[in-house]
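Undergrad: below are the sequence and a predicted model; questions follow.
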Amino acid sequence: MQDHTDLSWEWVIGLEVHTHLKTESKLFSPAPVVYGAEPNHAVHPIDLALPGVLPVLNERVVELAIRLGLAIHGTVNPVSVFARKNYFYPDLPKGYQISQFEDPIVSDGWLEIEPEVRGQAKKKAAAGGGGRRRIGITRAHIEEDAGKSIHDVAIAGREDSCIDLNRAGVPLLEIVSEPDMRTAAEASAYLRALRSILRYIGVSDADMEKGQFRCDANVSVRPRGSRELGTRTEIKNLNSFVHVEEAIEAEARRQIELIEDGGTVVQATMGFDPVRRRTSVQRLKENSDDYRYFPDPDLIPLRIEADRIEAVRASLPELPDEKRSRFGSEYGLSDYDAGVLTANRELAAFFEETAKACGSPKAAANWLTRDLLRELRERDVELEETSLTPAILASLIRLVEDGRLTARSAAELFPDLVSDGGDPEVLMRERGLEAVSDAGAIDGLVDQVVEAHPDVVQQIREGDDKPLNFLMGKVMQASRGKAVPAQVRKTLIARIRS
């Protein structure tokens, strides 16, 4: 594949996100919202569109939609209208989907993002795509999910396609961005920021593995400097941040190659093959006219009083951007540390409790952003699935800060504390890890190392301080990592200069 790095083309990216709302029952029926149930066991006659049934709006859905609208700085519209989106597919029992079209519940919002700059994105950032940016959000509207088609199911000796309607009628918010993103990294950063907010405010668990957070990417390209939008294609059903980035990269390059070879981009729905990292046309793209939207005659317009909106506003927690700013001013954290810690509400709360318990916010941030996140990645678990608590981590930090435990020994204990919890001081004593700070013991170790390496000592005496770290390493090795490094360094310098 040709590598387009000359910056002569600009990518234009917009995202449509479908997220399941955190409710106990479905959008228009009392059927439970469950995951992993036996197929077609969480359904109701309303979900099945049996004759004579009528939809009844779930009030909790309205509250959650208002919460999101306020969190993304949007306008919560006092009147919104439910519409029927007509299309035929086996997993859509009614033959239409209840959604919102011309009058959504939320409009005109925005999020700020700060994408990670790397690889190809560095060149695009240099051309004006980097730094903290505001991404517009056109609308967020309520709609019901469809069922699920399951293919290649072995039944009676043959492979069939089956329909599971457990998901039919589950409440969704479709959140549509403006085409404001210019790199795949920006698209990924936007999705992470949106997912973080959804979780912060309790609107959705946004679990990608359960299909609770799904993304379609609209991609077009245009000559850099042009203001006219190119023909866009839509990549459907991207279910991971990595796949979103790879699919956008692949589709933008496909369009550029097509245009440069004299071809024309056709509006279409695209699929993405993550193994081959290629996009391919699935079908020509429908327009809104093809869905024959019209107001649902079974549902009256949704009217929301201003007092209700203000009551929801008062119930919102501190949002990620606000928390990030406060962590910088209150705890003296860098923008990076504050950003990492506030990306997850549970991690942010864990940090604050730890910092207050140990009195050392920077140490708490270091342990969490470095050691804890590494453990979570390696174990593929969430923070709440571990046995580590703020009190345990604060105790470990105090032992290090007091000089009773070296950083190396603390790092040795940490994985066990994550797995099993426990008292760091008790474990330190049981394993004989208490720091060696006795002057006589350290003097003896230093003498042994100095006598064993006279050439290195002579280099230092002649003005080359670099080998000092070598000698420190030897002393720490002899103490099995238990000697206090600062004391070792001080003793070595005094011994060499004597």
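TA: Arrived safely. The shown structure was predicted, so the numbers you read here are calculated from the model rather than taken from an experiment.

Undergrad: measure stretch 224-244 end to end?
TA: Taking Cα to Cα, to the nearest Å, stretch 224-244 runs 23 Å from one end to the other.

Undergrad: now do stretch 461-473
TA: 18 Å.

Undergrad: what number of residues lie near His41?
TA: When neighbours are counted by other Cβ atoms under 10 Å, His41 registers 12. In short, each C-beta sits where N, CA and C put it, glycine included.

Undergrad: and Lys490, what's its pLDDT?
TA: Note for Lys490: predicted pLDDT of 71.

Undergrad: brain fart, Met208
TA: The model's pLDDT for Met208 equals 88.

Undergrad: from Gly74, how far out is it?
TA: To Gly74, Met208 is 24 Å away according to Cβ to Cβ, to the nearest Å.

Undergrad: so for these two, which sits in the more crowded spot?
TA: Ranked by neighbour count (other Cβ under 10 Å), Met208 and Gly74 place Gly74 first, with 24 against 16.

Undergrad: need the contact list for the nearest residue to that one once chain neighbours are set aside.
TA: Using Cβ to Cβ, 6 or more residues apart in numbering and skipping residues adjacent in sequence, the residue nearest Gly74 is Gly109, 3.0 Å away. Residues counted as contacts of Gly109 (Cβ atoms under 8 Å, 6 or more residues apart in numbering) are 69, 72-75, 136-137, 140.

Undergrad: tell me the secondary structure at Gly109.
TA: Three-state assignment for Gly109 (DSSP: H, G, I helix; E, B strand; the rest coil): strand.

Undergrad: before we move on, what about Glu174?
TA: strand.

Undergrad: quick check: bridge partners of it?
TA: His18, His141 (DSSP bridges).

Undergrad: now do the contacts for it.
TA: 16-18, 99, 140-141, 143.

Undergrad: what's the farthest-apart pair in those?
TA: For the contacts of Glu174, the maximum inter-member distance is 14.5 Å, found between Val17 and Ser99 (Cβ to Cβ).

Undergrad: which parts of the stretch 201-350 of the chain are strands?
TA: Counting by DSSP state E, counting those that start in this stretch, the stretch 201-350 of the chain has strands at residues 213-223, 233-238, 268-273, 278-284, 294-295, 302-303.

Undergrad: tell me which of those sits most buried.
TA: Sort these by mean neighbour count, taking mean count of other Cβ atoms under 10 Å, and strand 213-223 sits at the top with a mean of 22.

Undergrad: give the partner strands of that strand in its sheet and their orientations.
TA: Checking strand 213-223 against DSSP bridges gives partners strand 9-20 (antiparallel), strand 233-238 (antiparallel).

Undergrad: and the contacts of the last one?
TA: Around strand 233-238, the neighbours that count as contacts under Cβ under 8 Å, 6+ apart are 16, 214-220, 244, 247-248, 251, 255, 265-272, 279, 282, 285.

Undergrad: need phi/psi at the closest residue to Leu427 other than its chain neighbours.
TA: Spatially, and ignoring its direct neighbours in sequence, Leu427 is nearest to Leu413 (5.6 Å; Cβ to Cβ, 6+ apart). Phi and psi for Leu413, reported as degrees, to the nearest 10, are phi -80, psi -30.

Undergrad: let me know whether Leu413 touches Arg429 as I believe.
TA: No - at 11.3 Å, Leu413 and Arg429 do not qualify as touching, with contact defined as Cβ atoms under 8 Å.

Undergrad: neighbour count winner among those two?
TA: Leu413 (18 against 11).

Undergrad: who's in contact with the more buried one?
TA: 396, 405, 424, 427-428, 431, 433.

Undergrad: hmm, which of those residues are the buried ones?
TA: Buried by 16 or more other Cβ atoms under 10 Å: 396, 405, 424, 427-428, 433, out of those.

Undergrad: among these, which ones are in helices?
TA: Using DSSP state H, the members of the buried ones among the contacts of Leu413 that fall within helices are 396, 424, 427-428.

Undergrad: closest to Ser161 out of these?
TA: Among these, and counting by Cβ to Cβ, the member closest to Ser161 is Leu396, at 54.0 Å.

Undergrad: so how far is Ala217 from the closest one?
TA: 43 Å.

Undergrad: just Ser226 next, same as before
TA: In terms of Cβ to Cβ, Ser226 sits 21 Å off from Ala217.

Undergrad: Arg379 too?
TA: Counting by Cβ to Cβ - Arg379 and Ala217 are separated by 31 Å.

Undergrad: then Asn86?
TA: With Cβ to Cβ as the criterion, Asn86 and Ala217 are 25 Å apart.

Undergrad: just Glu260 next, same as before
TA: Taking Cβ to Cβ, one finds Glu260 at 22 Å from Ala217.

Undergrad: pretty sure Ile135 contacts Thr183?
TA: No - Ile135 lies out of contact with Thr183 (Cβ under 8 Å); the separation is 11.9 Å.

Undergrad: with that, I have no additional questions.
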